[in-house]
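1. What follows is a predicted structure for the sequence shown.
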There are 2 protein chains.
Amino acid sequence: MARQERAIRTRRSIVEAAASVFDERGYEAATIGEILTRSGVTKGALYFHFPSKQALAEGVLHEQLAVLSLPPRVCKLQEMVDVGLLTAYRMRRDAVVSAAAKLSLEHGLRAQFGTHLVTAWVDTSEKLLREAQDQGELLPGVDAAESAWLLSAAWTGVQMHSHILVERRDLEERIAALFRHLLPAVAVPAVLGRLVITAERAAQLGAENEEYVVRQARDGAGEEPVTAG
Amino acid sequence: MARQERAIRTRRSIVEAAASVFDERGYEAATIGEILTRSGVTKGALYFHFPSKQALAEGVLHEQLAVLSLPPRVCKLQEMVDVGLLTAYRMRRDAVVSAAAKLSLEHGLRAQFGTHLVTAWVDTSEKLLREAQDQGELLPGVDAAESAWLLSAAWTGVQMHSHILVERRDLEERIAALFRHLLPAVAVPAVLGRLVITAERAAQLGAENEEYVVRQARDGAGEEPVTAG
């Protein structure tokens, strides 16, 4: 058990080192040598977990989805907002989240990594919107698949513009404004009025997320839904 | 006058050749040699207009804004929708529009070209939204600057996702859906109900745009607003 825990920790150190190098230098310019130095693990350990630079990048993409979890909410639209705000918060503070976005969006890398993370985000949003729909949270006539696609795409665009214009300094503010703009076309008024969509919430979600990820790692996968929404 | 016209045509051939090479190969891999071959102009003419690869890229960025013009509309929200739909339509069909988007959004190029086109689009949207606001088209409490920023950013994200997932085949459909999602938070109901936001309109705008650009080039800059909206 201790050995397994050590392996998990080693793997995580490598993924974090890889993410920080990809994030700073870009995928093409990144070298396994620099990732090795930064991770502080042995060459053998690195190649045991990740046999190539491509495998390291895939590890970063996979890890992004794992680190952005929150306890489920009763209100599914609030859960969708919360995941969006949390991702904004962590993208400014966590190389794994930031590097994964770059790996997914850079033109030259799409053939290698392109659609995986993008479709994962669309699917996550669609699942939450369908649950929201089943609970009567959505306006009649809303097409959950179309709205999920648009929310994910618009989120990406806001992230890119915030990155290009101000190095993401206003990202949480802009993502909150995006949800405030998009949700009147999606949510029934009674739900819309109860949603909490502020940049301040993003920081609270960051703390909740850290605690939740630690708790999940400790308790295993048998976590029961917590009704925070 | 004939000489001036020839110079304009030569310049345009070069910009179009540069755009098609940037669009296919990316900025870094593009060579002036290939642009020269594709443009069919002399080396002297090319260097007269554009002394460097960077100048060629700036020419492409500048040209994008010039080719996407439409006659002004009475309804300014319709004008904003139309510019968005037209840009989607032309991005699928015109290397200048597509290459300019890539030059603006690729991570490695931002230091060189980054914010120019992005801020130009935000400014264009903001100008239209302010005019819409002055005409009473916007809901009370709408912040024109914030909404313009979001519309531009969301447009970019939709373009990127459509590009990544389906090579932009659904771009006009997705941009129309984006406006249908965002505008209920922005437009007063009476205006919202009158807006035409469909992918079919994009093709009509493409034809109108071509005719308008030709007419403007012929008549010079003294064009009076046409009230088509």
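-> Perfect, thanks for sending it.

2. Count the residues that sit near the residue in chain A that chain B sits nearest to.
-> Per C-beta to the nearest C-beta, A:Gly157 is where chain A lies closest to chain B, at 2.3 Å. No exception for glycine: its C-beta is placed from N, CA and C like everyone else's. Neighbour count for A:Gly157, taken as other C-beta atoms under 10 Å in any protein chain shown: 26.

3. That one is in what secondary structure piece?
-> Using DSSP states H and E, A:Gly157 sits in helix A:144-166.

4. Packing partners of that helix?
-> Judged by 3 or more C-beta pairs under 8 Å, 6 or more residues apart in numbering or on different chains; DSSP states H and E, helix A:144-166 is in contact with helix A:76-91, helix A:95-105, helix A:110-134, helix A:171-182, helix B:95-105, helix B:110-134, helix B:144-166, helix B:171-182.

5. go with 6 Å
-> Packing partners of helix A:144-166 (3 or more C-beta pairs under 6 Å, 6 or more residues apart in numbering or on different chains; DSSP states H and E): helix A:110-134, helix A:171-182, helix B:110-134, helix B:144-166, helix B:171-182.

6. Export the ones you listed to a markdown table and append columns for mean pLDDT.
-> Shown next, in a markdown table, are these (pLDDT from 0 to 100):
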| stretch | mean pLDDT |
| --- | --- |
| helix A:110-134 | 87 |
| helix A:171-182 | 98 |
| helix B:110-134 | 87 |
| helix B:144-166 | 95 |
| helix B:171-182 | 98 |
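
7. now those in TSV, with distance to A:Glu58?
-> Shown next, in TSV, are the helices and strands packed on helix A:144-166 (distance: least, C-beta to C-beta, whole Å):
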stretch	distance to A:Glu58
helix A:110-134	7
helix A:171-182	25
helix B:110-134	25
helix B:144-166	17
helix B:171-182	28
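
8. Of the ones you listed, which is nearest B:Ala19?
-> helix B:110-134 (13.1 Å; C-beta to C-beta).

9. Tell me what angle the closest one forms with helix B:76-91.
-> Relative orientation of helix B:110-134 versus helix B:76-91 (axes from the mean of the first three to the mean of the last three C-alpha atoms, to 10 degrees): 150 degrees.

10. got the buried residues for helix B:110-134?
-> Buried residues in helix B:110-134, defined by neighbour count with 16 or more other C-beta atoms under 10 Å in any protein chain shown: B:110, B:113-114, B:116-122, B:124-126, B:128-129, B:131-133.

11. With stretch A:67-78 instead?
-> Per 16+ other C-beta under 10 Å, stretch A:67-78 contains these buried residues: A:67-68, A:70-73, A:75-78.

12. Could you find the closest non-adjacent residue to A:Ala100?
-> A:Gln64 (3.6 Å; C-beta to C-beta, 6 or more residues apart in numbering or on different chains).

13. what's the neighbour count on that neighbour?
-> 26.

14. Compute the inter-axis angle for the strand or helix carrying it and helix A:95-105.
-> For A:Gln64, the host element (DSSP H and E) is helix A:53-67. With the same axes, to 10 degrees defining the directions, helix A:53-67 sits at 120 degrees from helix A:95-105.

15. Which elements pack onto helix A:53-67?
-> The helices and strands touching helix A:53-67, judged by 3+ C-beta pairs under 6 Å, 6+ apart, are helix A:2-25, helix A:95-105.

16. Now tabulate those in a markdown table and tack on mean neighbour count and distance to A:Thr42.
-> Below are the helices and strands packed on helix A:53-67 laid out as a markdown table (neighbours: other C-beta atoms under 10 Å in any protein chain shown; distance: least, C-beta to C-beta, whole Å):
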| stretch | mean neighbour count | distance to A:Thr42 |
| --- | --- | --- |
| helix A:2-25 | 17 | 9 |
| helix A:95-105 | 24 | 22 |
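
17. what does chain A have sitting close to chain B?
-> Within reach of chain B by C-beta under 6 Å from any C-beta of the partner chain, chain A has these residues: A:106-107, A:110, A:114-115, A:118, A:146, A:150, A:153-154, A:156-158, A:160-161, A:164-165, A:177-178, A:181-182, A:184-185.

18. what's near enough to touch A:Trp155?
-> A:Gly84 (C-beta atoms under 6 Å, 6 or more residues apart in numbering or on different chains).

19. let's go with 8 Å and repeat that
-> If you count contacts by C-beta atoms under 8 Å, 6 or more residues apart in numbering or on different chains, A:Trp155 has them with A:84, A:87, A:121, A:175, A:178, B:157.

20. List the buried residues in stretch A:89-96.
-> Using 16+ other C-beta under 10 Å as the test for burial, stretch A:89-96 gives A:89-92, A:94-96.
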